[in-house]
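Peer 1: Generate a structure from the sequence data that follows.
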Amino acid sequence: MKNILSVDGHCDTVLKAFETGTSIIKDSGKTHITLSSLSRMVPHIQFMALFCDRFNSREHFYGLWDLLDFFYMNLSSCENSPVVITDRVSLDECIRENRLGIILAVEGAYLLEDNLHRLDMLYKLGIRCLSLTWNPGNKLCGGIGDSDSRGLGSQGVRLVKKMNRLGMLIDLSHISERGFWDIIELTDRPVIASHSNCLSLCNNKRNLDDRQIKAVADKNGVIGVNFVPDFLGRKRDGISTVVDHIEHIVQLGGPGCAGLGSDFDGTEDLPEGITGIECFYEIYEELLKRGYSEEDAAKVMGGNMLRVIEDVIGQCR
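Peer 2: Below is the predicted model:
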């Protein structure tokens with residue numbers, strides 16, 4: 001897949017490196033991916049999630065700030081520094097100069113539940129993607145760990161509208177079923193489910209049912225297939241199983257709806273055949289073996305996510 005853009009919708013490498021006292025730049029054996037390994041994959045855009053497991057609003061605020069500081073400290077020490085994509089100019093620079101692109105995301109907006117003005121701070125610091133919850137819900141919305149019937153609260157409605165105005169990607173992974181449908185109805189921008197799989201192939205509540213998959217497609221959005229075995233459904237032959245989920249999404253939503261959302265460094269348990277980002281080459285080859293055209297395979301590898309990035313973040317000025 002030489003010269004074919006790949007986009008990975010989710011990894012937890014910043015947190016993993018922070019917690020293990022290592023760098024996100026060079027291989028230490030403690031993370032699945034690094035900026036160095038990602039740079040060998042260019043053209044490539046990597047969503048890097050900032051996740052803090054302290055769900056109190058105040059503690060989450062300071063925990064997230066520690067991760068942001070850690071990320072930018074590492075970036076300042078990196079040769080051939082990646083492009084942090086925040087608008088059309090930086091996106092075009094990344095593609096034109098064939099450089100590694102990074103999109104910063106916040107996984108779970110707990111720091112915003114009492115203070116939506118903090119969204120402007122996140123925006124100014126380069127955050128361009130946000131999920132309202134992780135598994136536990138908050139005042140903004142229910143999470144997948146709550147009752148499926150708890151959706152957007154009034155602050156959540158305001159947040160979705162503000163993200164639309166700013167040009168920030170809304171991530172539907174981890175949100176409650178009611179919250180999912182509330183956002184689908186409310187948002188006027190394409191959405192992503194950055195690291196979610198198919199419920200009909202693996203009965204895990206983190207996965208999306210067929211109606212949800214079709215709804216993301218109808219919003220011109222993308223679902224990034226997750227490599228975690230608990231969401232794939234079986235551990236043998238990870239490449240084949242990942243492509244099974246891709247194919248199911250394509251069958252329901254068309255070739256423009258499927259993408260990749262590895263969840264590297266968000267799990268210790270990767271399926272057989274997947275150890276790092278090099279597996280993307282094998283996923284591409286498996287798609288071709290199953291009869292996908294080079295054009296449609298390239299859409300899955302990165303073209304679909306790029307389209308959504310252009311539609312939402314690319315409108316930022």
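
Peer 1: which residues in the stretch 1-150 of the chain form strands?
Peer 2: 6-8, 44-50, 83-84, 101-107, 127-131 (DSSP state E, counting those that start in this stretch).

Peer 1: Check which helices and strands the fourth one sits against.
Peer 2: The reference is to strand 101-107. Here strand 101-107 touches strand 44-50, strand 83-84, helix 88-96, strand 127-131, strand 169-171, going by 3 or more CB pairs under 8 Å, 6 or more residues apart in numbering; DSSP states H and E. Heads up, the C-betas are built off the backbone N, CA and C, glycines and all.

Peer 1: and if you look at the shortest one?
Peer 2: Where contact means 3+ CB pairs under 8 Å, 6+ apart, strand 83-84 is packed against helix 88-96, strand 101-107.

Peer 1: With mean neighbour count as new columns, can the strands of the stretch 1-150 of the chain be given to me in a markdown table?
Peer 2: Listed next are the strands of the stretch 1-150 of the chain as a markdown table, based on neighbours: other CB atoms under 10 Å:
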| stretch | mean neighbour count |
| --- | --- |
| strand 6-8 | 27 |
| strand 44-50 | 26 |
| strand 83-84 | 19 |
| strand 101-107 | 25 |
| strand 127-131 | 25 |
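
Peer 1: Which one of these lies nearest to residue 222?
Peer 2: Smallest distance to residue 222 across the strands of the stretch 1-150 of the chain (CB to CB): 8.9 Å, for strand 6-8.

Peer 1: quick one: low-confidence ranges for this protein?
Peer 2: 1-2, 235-236, 316-317 (pLDDT under 70).

Peer 1: returning to what we had before: make TSV out of the helices and strands packed on strand 101-107 and add distance to residue 220.
Peer 2: Listed next are those as TSV, based on distance: least, CB to CB, whole Å:
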stretch	distance to residue 220
strand 44-50	18
strand 83-84	24
helix 88-96	18
strand 127-131	16
strand 169-171	12
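
Peer 1: Which one of the ones you listed lies nearest to residue 296?
Peer 2: It's strand 44-50; of these, that one is closest to residue 296 (CB to CB) at 19.1 Å.

Peer 1: which residues are in contact with the closest one?
Peer 2: With CB atoms under 8 Å, 6 or more residues apart in numbering as the test, strand 44-50 has contacts from 5-15, 33, 38, 64, 67-68, 71, 85, 94, 100-107, 127, 129, 194, 261, 266, 277, 302, 305-306, 309.

Peer 1: go on, stretch 57-70?
Peer 2: Outside stretch 57-70, the residues touching it (CB under 8 Å, 6+ apart) are 14-15, 17-18, 50-54, 106, 108, 110-115, 118, 125, 138.

Peer 1: what's the answer for stretch 150-165, then?
Peer 2: Stretch 150-165 has contacts (CB under 8 Å, 6+ apart) with 109, 112-113, 116, 119, 130, 132, 137, 139-142, 169-170, 176, 178-179, 181-183, 186-189.

Peer 1: next one: stretch 267-279
Peer 2: Contacts of stretch 267-279 (CB under 8 Å, 6+ apart): 6, 8, 32-33, 37-38, 41, 44, 227-230, 232, 234-239, 241-242, 262, 264, 282.

Peer 1: now stretch 176-184
Peer 2: Contacts of stretch 176-184 (CB under 8 Å, 6+ apart): 132-133, 137, 141-144, 146-152, 156-157, 160, 170, 172, 175, 191, 212, 215-216, 219.

Peer 1: before we move on, what about stretch 212-219?
Peer 2: Taking CB under 8 Å, 6+ apart as the rule, stretch 212-219 contacts 172, 177, 180-181, 184, 187, 190-193, 198, 208, 222-223, 248-249, 252-254, 256-257.
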